[in-house]
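Visitor: Show me how the following folds:
(one chain, ligands or ions: 2)
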Amino acid sequence: MIEINHLWGKVREANPLVHTISNLVSANDCANLLLAVGASPIMASAIQEMEDITRISQATVLNLGTPNDSKYATCTKAGVYANKYAHPVIVDPVGIGASLYRKEKVTQLLKEVQPTIIRANVGEVQSLLGSKSQARGVDSFAQSHSDDGQSDAVVLAQQLDCVVLMTGKDDFVTNGTHSYLIEGGSSILTKITGTGDMLSVLCGALSNVTDPLTAALSASYSWKVIGKLVKESSAGLGQAHRQLFDYASQIEQITKIQHTVTIHESGGRKHDN
Ligand SMILES: Nc1ncnc2c1ncn2[C@@H]1O[C@H](COP(=O)(O)OP(=O)(O)OP(=O)(O)O)[C@@H](O)[C@H]1O
Ligand SMILES: Cc1ncsc1CCO
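Guide: Ligands and ions are numbered 1, 2, ... in the order given. Got it, this is the predicted structure:
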């Protein structure tokens, strides 16, 4: 059993600087979430400073939402330096299936940058793989079957030699060999924009204190637990949005307690955390 609360304790102790190239929609939420869990955010965007910023950071999150040529160039440079300095790179290919432009640019970026973790919804995983595209803008599709896209995620992890965290009603985490299903949480997270982006920065914070598979699994579990707690205690979406940060600031205590969110080894037995 992974002691997820201990990992969050390590994050607070290490206070990693997480360089996040975010998007125009969720930048502020991503920065505040990193602070809430005890990491430090830096959101740089000028290509000229990518080497310096990457050198002083402990993890890099490349969120490819609200893209343009300059952003892709900046993300590629940050990713290349993160690989050079051997620190984790989280790639969030926001809405990759929404346009041919994104598809070509993200494909090119992934030829130059070795990702550590790809965090994407089902449609984005399938677009990355070039299989049946289910993208509709930047958001998750409602999943009719909980195993949707799982084999695609496994192939993607094998092809890119990284961990894939595929989100939706159930999350699926795989390194191409070992796979896990994380069940539970609340669909309220789909009513607040950028909750996938926020999960990606949690992966960045955790990947500094543990291996990529454990980081993705722990981030997925923790965010689903927070989604569930927020659903149970908020009166509406405004309050729910704020409560994401309130619960995140107590993440060690929250993940110490047993919740209805479960982790199953794919094809294996159920773990209660
Ligand atoms: N139907 C659902 N029920 C419960 N949780 C869900 C559901 N759909 C998504 N989630 C959760 O919402 C969070 C964000 O995942 P989602 O797949 O919506 O990301 P996304 O589409 O990239 O989001 P965004 O573009 O808003 O950042 C994850 O923690 C995921 O587990
Ligand atoms: C709504 C939206 N549009 C571009 S990025 C974003 C936030 C979810 O990634």
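
Visitor: For the closest residue to residue 102 other than its chain neighbours, grab phi and psi.
Guide: Leaving out its chain neighbours, the residue that sits closest to residue 102 by C-beta to C-beta, 6 or more residues apart in numbering is residue 96, at 5.0 Å. (Each C-beta comes from the backbone N, C-alpha and C, glycine too.) Here the main-chain torsion angles of residue 96 (degrees, to the nearest 10) amount to phi -60, psi -30.

Visitor: show me the contacts for residue 96.
Guide: 64, 102, 103, 106, 120, 124, 127, 128, 135 (C-beta atoms under 8 Å, 6 or more residues apart in numbering).

Visitor: What score does it have for pLDDT?
Guide: Looking at residue 96, its pLDDT is 97.

Visitor: same thing with the one 4 residues further on?
Guide: The predicted local confidence for residue 100 comes out at a pLDDT of 96.

Visitor: so what's it up against?
Guide: No contacts exist for residue 100 under C-beta under 8 Å, 6+ apart.

Visitor: same thing with the one 3 residues further on?
Guide: With contacts defined as C-beta under 8 Å, 6+ apart, residue 103 is in contact with 96, 97, 127.

Visitor: Please identify the buried residues of the helix or strand where residue 101 lies?
Guide: Element membership of residue 101 [criterion: DSSP states H and E] is helix 100-112. Within helix 100-112, the residues that count as buried by 16 or more other C-beta atoms under 10 Å are 102, 103, 105, 106, 109, 110.

Visitor: I'd like to know if the helix of greatest length in the chain reaches ligand 1 anywhere along the stretch.
Guide: In the chain, taking DSSP state H as the definition, the longest helix is helix 212-233. Yes - counting by C-beta under 6 Å from any ligand atom, ligand 1 has neighbours in helix 212-233: 223, 224, 227.

Visitor: Most neighbours among these, which one?
Guide: residue 223 (28 neighbours; other C-beta atoms under 10 Å).

Visitor: quick one: the nearest residue to that residue once chain neighbours are set aside from residue 185, how far?
Guide: Excluding the flanking residues, the one nearest residue 223 by C-beta to C-beta, 6+ apart is residue 199, at 4.8 Å. Remark: distance between residue 199 and residue 185 (C-beta to C-beta, to the nearest Å) = 11 Å.

Visitor: Which residues are in contact with each of these two?
Guide: Common neighbours of residue 199 and residue 185 (C-beta under 8 Å, 6+ apart) are residue 223.

Visitor: on that earlier part again, so which of the contacts of residue 96 sits lowest on pLDDT?
Guide: residue 135 (45).

Visitor: is it possible to export the contacts of residue 103 to TSV including distance to ligand 2?
Guide: Formatted as TSV, those follow (distance: C-beta to the nearest ligand atom, whole Å):
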residue	distance to ligand 2
96	11
97	13
127	14
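
Visitor: Tell me the one among those residues nearest to ligand 1.
Guide: Within these, the smallest distance to ligand 1 is 10.6 Å, found for residue 96 (C-beta to the nearest ligand atom).

Visitor: How about the contacts made by the nearest residue in space to residue 172 that is not next to it in sequence?
Guide: Spatial nearest neighbour of residue 172, excluding adjacent residues (C-beta to C-beta, 6+ apart): residue 166 at 4.6 Å. Neighbouring residues of residue 166 by C-beta under 8 Å, 6+ apart: 120, 121, 122, 125, 149, 150, 153, 172, 173, 174.

Visitor: Same question for residue 70.
Guide: Residue 70 neighbours (C-beta under 8 Å, 6+ apart): residue 47.

Visitor: Let's verify it: helix, strand, or coil?
Guide: helix (DSSP: H, G, I helix; E, B strand; the rest coil).

Visitor: From ligand 2, how far out is it?
Guide: Distance from residue 70 to ligand 2, counting by C-beta to the nearest ligand atom, to the nearest Å: 16 Å.

Visitor: Got the confidence number for that residue?
Guide: 98.

Visitor: picking up where we left off before, in CSV: the contacts of residue 103, plus distance to residue 55.
Guide: What follows is the contacts of residue 103, written out as CSV (distance: C-beta to C-beta, whole Å):
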residue, distance to residue 55
96, 29
97, 34
127, 32
